[in-house]
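Asks: coords below, sequence missing:
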Ligand code: PLP
């Protein structure tokens, strides 16, 4: 579901013609639909209404301040994984009591910053991290709340790079490591273990792996209860999938119906950390075709964005639908590789894609690029990052201007000795 639709053969974002945006702000650019964003958040809220969870939007999916602010205004908390994301969260005045901090490599600096900011809790991923938090809490004379991130060892049936609950995974604590920490919790006298956290992977299209994970965690909660250890929170992470191609992914309602009974049984306050589900289909990447190149084996559409703007196809072999901004009434279908200008053979946006014959100078939209698009972009090949534009109804605004060549070198210095 999204609000990018054709009207009289032109692609619109809500009530704005996308070609008007690109003519004004240039190409490539990310265009986001406010309504799509907020409706996805509301869908989750409504589906889980019965248990009223805290929904912490996962900032890594799309960390633009305007996107985060829109969600925070709608009632979201934030899931962060770095000092930089904490800075963003505080910059838009997120209530620190709605911020949760995950990640396997939190530095002392980041932990100190978060303790001083008074976040809700850290999701602790190792004993060593627990020790660091304890030491820093003593130093700062604070008591710090944490949840333990458990690796429940379930298979979420998604791309191997975005599975996070395999036995060999770097994330979280095994049940036995968590048990040891909990039974020896008096060692960490400045730390309150308030609950448990899981995040089993991303782009998960079915409830089954969550059910398996929550069932395992529920057993553990019972075991700990009988050892006199009680929790307040269960955070089930993010990971809900979206439709990129023709995946039969569950809706928020189907997911909620499947998982709520288990969650209710725990008697704990529930936290969700969705990223992709909320922002994935709310964004497109618009690109101009620079050249059409036909070789013996392939037809290439060489566009002005590439893996530095949207790395998902190169990194995960991810599929994104690619459509023209203007539909032509009569055009024959052709097979293309849609590739970027980056000097890597892995720089492609789509392979062997059948689409209407396209000429140089025309524009295409790479759909469902709102999550892990701009936030994973880079300056590789010294390419300035694309502009980002947010549309709401018939209004739109640049939420990040295109970078300039000066931006590329702004912080660089040539030392005297060369
Ligand atoms: N929570 C944690 C701890 C994560 O690592 C991630 C993504 O990597 C998310 C939430 C968000 O995942 P998704 O965008 O798939 O919902």
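Replies: Structure received. This one's a predicted model, so the numbers in the text were calculated from it and none came from an experiment.

Asks: which ones are touching residue 234?
Replies: Listed by C-beta atoms under 8 Å, 6 or more residues apart in numbering, the contact partners of residue 234 are 195, 196, 197, 214, 217, 221, 263, 266, 268, 269, 270, 271. In this view, the C-beta of every residue, glycine as well, is placed from N, C-alpha and C.

Asks: redo that, cut-off 10 Å
Replies: Taking C-beta atoms under 10 Å, 6 or more residues apart in numbering as the criterion, residue 234 is in contact with 53, 147, 195-198, 214, 217-218, 221, 262-263, 266-271.

Asks: Okay, now the unreliable bits of the protein?
Replies: With pLDDT under 70 as the threshold, the chain has low-confidence stretches at 162.

Asks: Now the terminal residues of stretch 309-319, how far apart.
Replies: 15 Å (C-alpha to C-alpha, to the nearest Å).

Asks: Now do the SS call for residue 123.
Replies: Counting by DSSP: H, G, I helix; E, B strand; the rest coil, the backbone at residue 123 sits in strand.

Asks: Which positions in stretch 44-56 come out as buried?
Replies: Applying a neighbour-count criterion of 16 or more other C-beta atoms under 10 Å, the buried positions in stretch 44-56 are 44, 45, 47, 48, 53, 54, 55, 56.

Asks: Pretty sure the third one sits against residue 255.
Replies: So that's residue 47. Yes. Proximity of residue 47 to residue 255 meets the contact threshold set by C-beta atoms under 10 Å, at 7.0 Å.

Asks: before we move on, the earlier item: may I ask which two of the buried residues of stretch 44-56 are separated the most?
Replies: Using C-beta to C-beta, the two most remote members of the buried residues of stretch 44-56 are 47 and 56, lying 16.0 Å apart.

Asks: roughly how far apart are residue 231 and residue 194?
Replies: 7 Å (C-beta to C-beta, to the nearest Å).

Asks: hang on, the earlier thing: just the buried residues of the contacts of residue 234.
Replies: Here, 16+ other C-beta under 10 Å leaves 53, 147, 195-198, 214, 217-218, 221, 262-263, 266, 268-271 buried among these.

Asks: from the residues you listed, which ones fall inside strands?
Replies: Applying DSSP state E to the buried ones among the contacts of residue 234, the entries found in strands are 147, 195, 196, 197, 269, 270, 271.

Asks: how about the closest residue to the last one other than its chain neighbours, phi and psi?
Replies: Spelled out, that is residue 271. For residue 271, the nearest residue in space outside its immediate sequence neighbours is residue 235; the separation is 3.8 Å by C-beta to C-beta, 6 or more residues apart in numbering. Residue 235 has phi and psi values of phi -110, psi 120 when expressed as degrees, to the nearest 10.

Asks: The one 3 residues further on too?
Replies: Note on residue 238: its backbone torsions stand at phi -110, psi -140 [degrees, to the nearest 10].

Asks: What of residue 320?
Replies: Taking degrees, to the nearest 10 as the convention, residue 320 sits at phi -130, psi 130.

Asks: related to what we said a few turns ago, got any residues that touch both of residue 231 and residue 194?
Replies: Any residue near both residue 231 and residue 194 by C-beta under 10 Å, 6+ apart counts here, and that gives 147, 148, 268, 269.

Asks: Which residues are in contact with the second one?
Replies: Residues in contact with residue 148, defined by C-beta under 10 Å, 6+ apart, are 122-126, 130, 172-173, 175, 177-179, 181-182, 193-198, 220, 231.

Asks: Mind giving me the PyMOL select for those residues, buried ones only?
Replies: This is how PyMOL selects the buried members of the contacts of residue 148, with burial counted by 16+ other C-beta under 10 Å:
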select buried, resi 122+123+124+125+126+130+172+173+175+178+179+181+182+193+194+195+196+197+198+220+231
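
Asks: in which helix or strand would I find residue 149?
Replies: Secondary-structure assignment from DSSP states H and E places residue 149 in strand 144-149.

Asks: That strand and the ligand in contact?
Replies: No. Looking at strand 144-149 against the ligand by C-beta under 6 Å from any ligand atom, there are no contacts, and the closest approach is 7.4 Å.

Asks: For residue 385, give its distance to the ligand.
Replies: 21 Å (C-beta to the nearest ligand atom, to the nearest Å).

Asks: and if you look at residue 101?
Replies: Counting by C-beta to the nearest ligand atom, the gap from residue 101 to the ligand is 10 Å.

Asks: before we move on, the earlier item: from memory the residue nearest to residue 271 sits against residue 54, does it?
Replies: Yes. Using C-beta under 10 Å, residue 235 makes contact with residue 54 at a distance of 8.6 Å.

Asks: got any residues that touch both of the two?
Replies: Both residue 235 and residue 54 are contacted by 100, 120, 269, 270, 271, 272, 273, under the criterion C-beta under 10 Å, 6+ apart.

Asks: can you tell me which of those lies nearest to residue 405?
Replies: Compare each of the shared contacts of residue 235 and residue 54 with residue 405 using C-beta to C-beta and the shortest gap goes to residue 273, at 37.2 Å.
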